[in-house]
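*Asks:* give the three-dimensional model of this entry:
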Amino acid sequence: MSFFANKMAPSIVHHATELLSQAGGTTTSQVFLAGSNKAVLRIGRDFDQEEIDAIANYLHTTHRDTWLQVNRHGHRVPGPADDCVGMPSVSASAGLRSSHPRKYGQQPGQDSQDDSRPELAYALIIIRGRTGASYGKVRILYSYAAVAAAVFEEVANGYSIAFSAALLKMEVAQLTGSRKSFAKVEDVHALYASAGSTDPNKRIALLC
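*Replies:* You can find the predicted model right below:
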């Protein structure tokens, strides 16, 4: 039986932030982008440490906002865009859920683009098309509004959001300035606490 059975009809998404409204957790739903017949599979899910380790080399790339492919030496290098998929998906982790302004007391009527956590680089997003893991693109955004807009743009173009997380802005330079490994944290408080560590071997904390 389809997981859509016995559920309400797919909803229409009019605003970018609506795509992230089920971030984290285990909720899956199908939605349609307003003004088109583009169907999107919206997935609220978190990532484990093993999954983070598997994509660490993506996160360390110096090539952002451009398509990367694996060459014959096993290195990720710039390449042509991947083919799009028929139904893109959005894997929105706790990093996006915890970053949502509505989660921190925003009152009705306030601008939904206000960011309640300005210290966060709100997401690392790896975009994939038909080829899957051998192709990808990394985007680092610095506000919740920018994250939402980027997600909407990519799925409208037919590409899936395969990984998402939040990290501290102060750690962004470490992504390309070092080869530090990553550590999953469970909530935004643990993410902030990681900033106080003086351990030279400290891993970069990711909320996802």
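*Asks:* residue 84 against residue 156, yeah?
*Replies:* No: using CB atoms under 8 Å as the test, residue 84 is too far from residue 156 to be in contact (9.9 Å). Where you see a C-beta, it was placed from the backbone N, CA and C, and this is true even at glycine.
*Asks:* what ranges does the chain have for its strands?
*Replies:* Taking DSSP state E as the test, the strands found in the chain are 11-13, 28-33, 39-44, 68-70, 76-78, 89-92, 120-121, 123-128, 135-141, 160-163, 167-168, 182-185, 204-207.
*Asks:* what's the closest of those to residue 192?
*Replies:* Taking CB to CB, strand 167-168 is the member of the strands of the chain nearest to residue 192, at 7.5 Å.
*Asks:* distance from that closest one to the middle of the chain?
*Replies:* Centroid displacement of strand 167-168 relative to its chain, using CA atoms, centre = their mean, to the nearest Å, is 13 Å.
*Asks:* middle-most residue in this protein, spatially?
*Replies:* Central residue of the chain (CA atoms, centre = their mean): residue 164, 2.3 Å from the mean position.
*Asks:* and that one, how far from residue 74?
*Replies:* With distances taken as CB to CB, to the nearest Å, residue 164 is found 25 Å from residue 74.
*Asks:* and for residue 181, the neighbour number?
*Replies:* When neighbours are counted by other CB atoms under 10 Å, residue 181 registers 14.
*Asks:* number of nearby residues for the nearest residue to it once chain neighbours are set aside?
*Replies:* Spatial nearest neighbour of residue 181, excluding adjacent residues (CB to CB, 6 or more residues apart in numbering): residue 203 at 4.9 Å. Counted by other CB under 10 Å, the residues lying close to residue 203 total 17.
*Asks:* residue contacts, residue 203?
*Replies:* The contact partners of residue 203, by CB atoms under 8 Å, 6 or more residues apart in numbering, come to 180, 181, 182, 183.
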